[in-house]
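Asker: Dropping a prediction and its sequence here:
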Amino acid sequence: MKWREYVLGVQRTEPTEDQYQQAAERMTRADPGLACALLRKLHKALDQFTARAGDLDTLKKVIFYNKAMIIPQLFSVWPMKESYSPKEMAFLHGVLGMLTEAGELGEALSKFLTGQATLAELRVNLNEELGDVMWYLAVTCEAVGLDLDMIQETNLNKLKKRYPERFNEAQAQNRDLEAETRGLKEDTFKLQTAEFSQLEALGRVDTPERYKHANELECIDEIRIALGVQGAIAFCEGQVMKYAYRSGAKPGDAEKEAWYRDMTAHLRGLGPDPRTSRPGWKPTIIVEDFAPVLREKYGLDAHEGSILGG
C-alpha cells in the first residue's frame, strides 16, 4: 500500500475540520475554566511523560550502546529470562526507541503549546524525530515479521469497521473491542499467508514446493497452529527418528534430520528457526484462534479416535 493511499484512508476516519474546531474550542478561552484545567493537566502529563521517556532513553543506551550506568541491585525481586534471541533484542530495541522518540515529540508538543515554537519552526525537528520513529518502527516490524503494507491495511480495515461512514464521537466512545480484535487477527492471518504466493521456489531442503501451497502457510506452520507447540515438537521428533532410521537410504536424509532437529530446538526456545537463513523469509505470526479452522481443514477431529480431538 502506497503512503498516499494510506493517508487518504486515515483522513476518512479522522475528525473533520469542524470536529477539530470544536476540540480547539475546549482548549481556548471559549470556556476558560475547562481550558485552564485541560492545559494544566496536559502540561503536567507531558512533563512526566518526557521525563520517563528520558529514563528509557538512558536504559536503551546502556543496553544497546554500552553506556556506563550505575544500576540498583534489584535482580532478586525482578523476574529475568535466562537469555534473549537476536530477534527479541531487536524487538526490545525497536520498542524502546519508539518510546524514547515519543518523548522527543512530547517535548516538541510542549514547546508548541507554551508558544515557544510554531509548527513551521518545529518542522525540521519533527522531520528528524519522525524519521527516527520510522527507523525504530522498521526494526520492530522486522523483529516480529510484519511490514508496513500489512500494518497499514489492517489498520484501515479496523477503522472502516469502527467508522463505516466517517469518524464520529459516539462510535469512538463505544467501540466493540472484541469484534475489532477478531477482525485484526483475521486480517493479519490472511495478509501473512498471502505473502507465500509471492515467494519463489528456492529448491532447498527447507523449502520444498510440495510443502507450501499458494496463498497458504508452510506446512510446518500449519502443524504448529493446529497441534500447538507440544504437538509440533512431537511431529518434528518423529521426523528426526524417521530420517535417522533410514539414514543413507535416500539423498538428503541427513540434511532433513538436521533440519528437524533444529526446528525441534527452536520450538523449545533453544535456538533460531532453521528458516532464518532463507533469503526473504519472515517469521510467521502464530494465530492460535485459527487452530479449529486448520483442524477442520484436515479432518483431525472427524472421529472419536482423533488423538487431540478426543
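Answerer: Ah, there it is. Numbering: from 1, shown residues only.

Asker: which residues of this structure score low on pLDDT?
Answerer: In the predicted model of the chain, residues 1, 29, 69-83, 166-175, 177, 180, 183-216, 284-289, 302-310 satisfy pLDDT under 70.

Asker: could you pull out the helices for it?
Answerer: In the chain, helices defined by DSSP state H lie at 3-13, 17-26, 32-64, 86-113, 119-144, 148-162, 169-173, 177-194, 219-245, 253-267, 291-297, listed in chain order.

Asker: and the fifth one, what other elements does it pack with?
Answerer: In terms of contacts (3 or more Cβ pairs under 8 Å, 6 or more residues apart in numbering; DSSP states H and E), helix 119-144 is packed against helix 86-113, helix 148-162. Where C-beta positions appear, they are placed from N, C-alpha and C, glycine not excepted.

Asker: D132: what's it in contact with?
Answerer: G97, E101, E104 (Cβ atoms under 8 Å, 6 or more residues apart in numbering).

Asker: which one of those sits closest to D176?
Answerer: E101 (31.6 Å; Cβ to Cβ).

Asker: Present the helices and strands packed on helix 119-144 as TSV; the columns should include distance to L270 and mean neighbour count.
Answerer: Conversion of the helices and strands packed on helix 119-144 to TSV gives the following (distance: least, Cβ to Cβ, whole Å; neighbours: other Cβ atoms under 10 Å):
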stretch	distance to L270	mean neighbour count
helix 86-113	14	17
helix 148-162	29	17
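
Asker: Go ahead and flag the most central residue of the protein.
Answerer: By Cα atoms, centre = their mean, the chain has its centre lying nearest to V144, at 5.4 Å.

Asker: quick one on the thing from earlier: could I get the contacts of D132 as JSON lines with distance to G9?
Answerer: Listed next are the contacts of D132 as JSON lines, based on distance: Cβ to Cβ, whole Å:
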{"residue": "G97", "distance to G9": "26"}
{"residue": "E101", "distance to G9": "24"}
{"residue": "E104", "distance to G9": "27"}
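
Asker: Out of these, flag the one nearest to P292.
Answerer: Lowest distance from P292 to the contacts of D132 (Cβ to Cβ) belongs to G97, with 37.6 Å.

Asker: Report the contact partners of the closest one.
Answerer: Counting by Cβ under 8 Å, 6+ apart, G97 makes contact with K60, D132, W135, Y136, V139.

Asker: Pull up the gap between the second one and N155, please.
Answerer: The reference is to D132. 21 Å (Cβ to Cβ, to the nearest Å).

Asker: try V229
Answerer: 29 Å.

Asker: got the domain boundaries for the chain?
Answerer: The record's domain parsing of the chain by automatic domain parsing lists 3-68+83-191, 199-297.

Asker: thinking again about what came up before, next up, the contacts around the nearest residue to the residue nearest to the centre of the chain once chain neighbours are set aside.
Answerer: Spatial nearest neighbour of V144, chain neighbours left out: F91 (6.1 Å); criterion: Cβ to Cβ, 6 or more residues apart in numbering. F91 sits next to T140, A143, V144 when contact means Cβ under 8 Å, 6+ apart.

Asker: quick one: which of those is nearest A108?
Answerer: Of these, the one sitting nearest to A108 (Cβ to Cβ) turns out to be T140, at 21.8 Å.

Asker: ok, the closest one to L148 distance?
Answerer: 11 Å.

Asker: Check K44 too.
Answerer: Distance from K44 to L148, by Cβ to Cβ: 34 Å.

Asker: go on, E101?
Answerer: 17 Å.

Asker: Kindly report the same for D262.
Answerer: 30 Å.

Asker: now swap in R162 and tell me
Answerer: Between R162 and L148 the distance is 21 Å, computed by Cβ to Cβ.

Asker: N127 too?
Answerer: Taken as Cβ to Cβ, the span from N127 to L148 is 18 Å.

Asker: Repeat that for R278.
Answerer: If you measure R278 against L148 using Cβ to Cβ, the figure is 22 Å.

Asker: and if you look at H93?
Answerer: 18 Å.

Asker: Ok, L119 next?
Answerer: In this view, L119 and L148 are 25 Å apart by Cβ to Cβ.

Asker: for L39, what are its contacts?
Answerer: Here L39 is in contact with M27, L113 (criterion: Cβ under 8 Å, 6+ apart).

Asker: how does it look with 7 Å?
Answerer: M27 (Cβ atoms under 7 Å, 6 or more residues apart in numbering).

Asker: Repeat that for G115.
Answerer: Per Cβ under 7 Å, 6+ apart, neighbours of G115: none.
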